[in-house]
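Enquirer: Structure for the following, please:
(one chain, ligands or ions: 2)
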Amino acid sequence: MEKEKGKIGVTTENIFPIIKKFLYSDHEIFLRELISNAVDATQKLKTMASMGDFKEELGDLTIRVALDKKKKTLTVSDNGVGMSAEEVDKYINQIAFSSAEDFLEKYKNQANNIIGHFGLGFYSSFMVSKKVEIITKSCNAELPAVRWVCDGTPDYTLEETKRERRGTDIILHFDKESEEFADDARIEGILKKYCRFLPVAIAFGKETEWKDGKSVETDKDKIINDTNPLWTRKPVDLKDEDYTAFYHSLYPMTEDPLFNIHLNVDYPFNLTGILYFPKIRNNFEVQKNKIQLYSNQVFVTDSVEGIVPEFLTLLHGVIDSPDIPLNVSRSYLQSDSNVKKIAAHITKKVADRLQEIFKNDREQFEKKWDDLKIFIEYGMMTEEKFYEPVSKIALLKNTEGKYFTLEEYEKLIKENQKDKNGTLVYLYTTNKEEQYSFIGYDVVMMDGYLDTHFINHIESKLKNSHFVRVDSDIIDKLIMKEEKHESKLTEQHQHELSQVFEGQLPEGKTLFSVVFESLGETDTPIVITQSEYMRRMKDMSQLGGAASFYGNLPDQYSVVINANHPLVQKINEDKEKKCRKDLDKFTEKIKPLEDNKKELETANKGKKEEEIQQADKDRIADLDSKITEFKDKQKEVLAGFGGKHKLVKQLIDIALLSNNMLKGEDLNRFIKRSIELL
Ligand code: ADP
Ligand code: MG
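Expert: Ligands and ions are numbered 1, 2, ... in the order given. Modelled structure (predicted):
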């Protein structure tokens, strides 16, 4: 044939600059495209052979990648079907270019969003090359080899040439800006990333061996890929060790995974893969996006948001599907109906697998629960379809380390932990050491990363149930039952005693308020609690989100004093002895002032603010300040009494101590005082 010159069938003169600039943000994928084509050509030949359409020996089918660092060229050679002159014209000059044009027309406004388009594969080589050559010989032995050259303009040449065997060499001449690719380590890195599991052997360089103390090249090809990766094999042929080993090959330096799921779907879409439940502890974000997405064993991406539900991004492993469209932007991907089906299917598979493990090996399931639960809770909270099946096997662990399903746990506490309104009260602790001492009720551990959110979620799901942290109130009030004690202190005594105690509470950012409860004489004299609501809001604010407002509030605690405890009675009696006279003295002074104030107020009752005479207003303000003055004096008396009463300080310290709030110098003083009191 005559050397042919021509213009590629494209009208857009500047198609190459566009390819160079916008087509892919990652230039390195040119290699993925060229190798994919080489694999395709090899697979086609194998198919032809198996159908009897190709009768010669297949011979060596290895794809070879060779780098010439001096010339700055990269050659990808295959022994696949090859192309005739006619085919080059059709597939390279016409089709590929016209599809390139269509493609660019369609996406011209969002070229930056394009994540990959296999149809444009071959031309992606122009992202990094000033010139590309194709030397190819068709598997039809009668047709001559041809050489196609294009220098990045729409002009090309096509002529006959020599090539011994059928197959194709693609030779890239790197342009100035892309010389970084003329580097062995770089090319090997790209091959390992995208081509690691391709089904045809890919050779890059030679194996080395140690000889006379140095490493020398052998003549054995260095194969960079595993042509038969685990997910393409049948589950029946595989053992647990195989799955674990594969996991470590994907994620070196990680702990063993908890469980795996081998996916194999061929209807209504094609999908294979292996997913792993990793061991997740604290570093929640780091764990995400470890799933690798493949299309026919070609690596596509490891950011799978939008393809799998959010909670599944915590899983690790591989998903391989030719049905996930790769030639579209991510937002389009998320609305693709195939992708939605795939997401729903994976969710169901994961739930099925968990149920299977639970049924077949509950012991294993319980053993791994603590690690598994963050994942399951996340799924239950964010995917209704996951909640449904998984709520039957989700476990609660109590403070004794026993595990229960939600249903089992409900049975366990049903008798003993209903309050007077019939609400079932689930008691929990986030820290067994700090919050919990035996109380005769069952208490579940909620010390996981997501537990505060999870509590809110299941509370909304379980009927007539309420979660309460075990230290959020005194025992008798955690689960309010019918019986109630009479108070042995009058309101006035309670008021005075609260001032006795308030004077001795720690000062600082934390706010305390004193309240009295009428409990049994043998119940604790004093405890410090934080309201369930307030605490939950604060806990949640630490995870961010709408509740973060609460995070800025100071900690607020209630100091609950048992009005009926003998020690409290004793303090009250002492107060009467020591302070009554002084208190009454001020009360006598306050009394006429208050009477006077009342008179004025009744006289002005029903009047609007502006109708009250200024003289009256001034008089009331004056009375108020005098009353306050005397009341402050009373407060001083009571605080002074409290300060000298060792028992007051001692009770407060005991309460602080049991909340882990007594520290440093205060703790030392407490110990000293305890010894004195003994
Ligand atoms: P796609 O691979 O999606 O068809 P490409 O632009 O990557 O698009 O390739 C265009 C066409 O060029 C291929 O469909 C194939 O017919 C031909 N081709 C490319 N590379 C080779 C090769 N190494 N061997 C044989 N044919 C090839
Ligand atoms: Mg291709």
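Enquirer: part of a helix, is Leu657?
Expert: Yes: going by DSSP: H, G, I helix; E, B strand; the rest coil, the assignment for Leu657 places it inside a helix.
Enquirer: hang on, it packs against Arg673?
Expert: No: here Leu657 lies out of contact with Arg673, judged by Cβ atoms under 8 Å, at a distance of 12.0 Å. C-beta: built from backbone N, CA, C; applies to glycine.
Enquirer: Would you map the helices across the stretch 251-400 of the chain?
Expert: 330-335, 337-360, 362-382, 384-390 (DSSP state H, counting those that start in this stretch).
Enquirer: nope, the stretch 101-250 of the chain is what I meant
Expert: Remark: helices of the stretch 101-250 of the chain, listed N- to C-terminal, are 184-194, 240-250; assignment by DSSP H, counting those that start in this stretch.
Enquirer: And the first one, what's buried?
Expert: Under the neighbour-count criterion of 16 or more other Cβ atoms under 10 Å, helix 184-194 has Ile187, Glu188, Ile190, Leu191, Tyr194 buried.
Enquirer: Can I get these in JSON lines including distance to ligand 1?
Expert: Formatted as JSON lines, the buried residues of helix 184-194 follow (distance: Cβ to the nearest ligand atom, whole Å):
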{"residue": "Ile187", "distance to ligand 1": "18"}
{"residue": "Glu188", "distance to ligand 1": "21"}
{"residue": "Ile190", "distance to ligand 1": "17"}
{"residue": "Leu191", "distance to ligand 1": "16"}
{"residue": "Tyr194", "distance to ligand 1": "14"}
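Enquirer: Leu61: which of the residues you listed is nearest?
Expert: Closest approach to Leu61 among those (Cβ to Cβ): Leu191, at 17.0 Å.
Enquirer: Quick check, pLDDT for that closest one.
Expert: With respect to pLDDT, Leu191 scores 96.
Enquirer: thought it was touching Ile35?
Expert: Yes: taking Cβ under 8 Å as the definition, Leu191 is a contact partner of Ile35 at 7.4 Å.
Enquirer: joint contacts of these two?
Expert: Residues touching both Leu191 and Ile35 (Cβ atoms under 8 Å, 6 or more residues apart in numbering): Val65, Ile202.
Enquirer: Next, count neighbours for the residue of the chain found nearest ligand 1.
Expert: Among residues of the chain, the one nearest ligand 1 by Cβ to the nearest ligand atom turns out to be Gly121. It sits 2.7 Å away. Counted with other Cβ atoms under 10 Å, the burial measure for Gly121 works out to 19 neighbours.
Enquirer: Can we start the residue count at 25 from this point?
Expert: Happy to do that; since the first residue is 25 now, the last one works out to Gly145.
Enquirer: Is it correct that it is in contact with Glu57?
Expert: Yes: using Cβ under 8 Å as the test, Gly145 is close enough to Glu57 to be in contact (3.6 Å).
Enquirer: Now do the contacts for the closest residue to Lys161 other than its chain neighbours.
Expert: Nearest in space to Lys161, with sequence neighbours left out and distances taken as Cβ to Cβ, 6 or more residues apart in numbering, is Ala169 at 3.8 Å. The contact partners of Ala169, taken as Cβ under 8 Å, 6+ apart, are Gly106, Ile159, Thr160, Lys161, Glu184, Thr185, Lys186, Arg187.
Enquirer: Please name the bridge partners of Ala169.
Expert: Judged by DSSP bridges, the bridge partners of Ala169 are Thr185.
Enquirer: per-residue confidence for it?
Expert: At Ala169 the predicted local confidence, pLDDT, stands at 97.
Enquirer: which one of the helices of the stretch 125-274 of the chain lies closest to Asn620?
Expert: Relative to Asn620, the nearest member of the helices of the stretch 125-274 of the chain by Cβ to Cβ is helix 264-274, separated by 84.0 Å.
Enquirer: returning to what we had before: export the helices of the stretch 275-424 of the chain to a markdown table and tack on distance to Ser484, mean neighbour count and mean pLDDT?
Expert: Shown next, in a markdown table, are the helices of the stretch 275-424 of the chain (distance: least, Cβ to Cβ, whole Å; neighbours: other Cβ atoms under 10 Å; pLDDT from 0 to 100):
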| stretch | distance to Ser484 | mean neighbour count | mean pLDDT |
| --- | --- | --- | --- |
| helix 354-359 | 27 | 14 | 64 |
| helix 361-384 | 20 | 17 | 89 |
| helix 386-406 | 10 | 18 | 91 |
| helix 408-414 | 11 | 16 | 92 |
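Enquirer: domain parsing for the protein?
Expert: Residue ranges for the domains of the chain, per automatic domain parsing: 28-243, 254-389, 418-502, 515-701.
Enquirer: Can you give me the end-to-end span of the third one?
Expert: Taking Cα to Cα, to the nearest Å, the first and last residues of domain 418-502 lie 25 Å apart.
Enquirer: picking that back up, do you know which of the domains of the chain lies nearest Met405?
Expert: Taking Cβ to Cβ as the criterion, Met405 comes closest to domain 418-502 out of those, the separation being 4.8 Å.
Enquirer: Measure how far the closest one is from the centre of its chain, please.
Expert: Shown here is domain 418-502, whose average C-alpha point lies 25 Å from the average C-alpha point of the whole chain (Cα atoms, centre = their mean, to the nearest Å).
Enquirer: and it, what's its mean pLDDT?
Expert: Per-residue pLDDT over domain 418-502 has a mean of 87.
Enquirer: same check, this time on stretch 628-643
Expert: Taken as a whole, stretch 628-643 has an average pLDDT of 85.
Enquirer: chain center to that stretch: distance?
Expert: Relative to the centre of its chain, stretch 628-643 is centred 62 Å away, using Cα atoms, centre = their mean.
Enquirer: Enumerate every residue touching the residue in the chain positioned nearest to ligand 2.
Expert: Nearest residue of the chain to ligand 2 (Cβ to the ion) works out as Gly145 at 3.0 Å. By Cβ under 8 Å, 6+ apart, Gly145 lies in contact with Glu57, Leu58, Ser60, Asn61.
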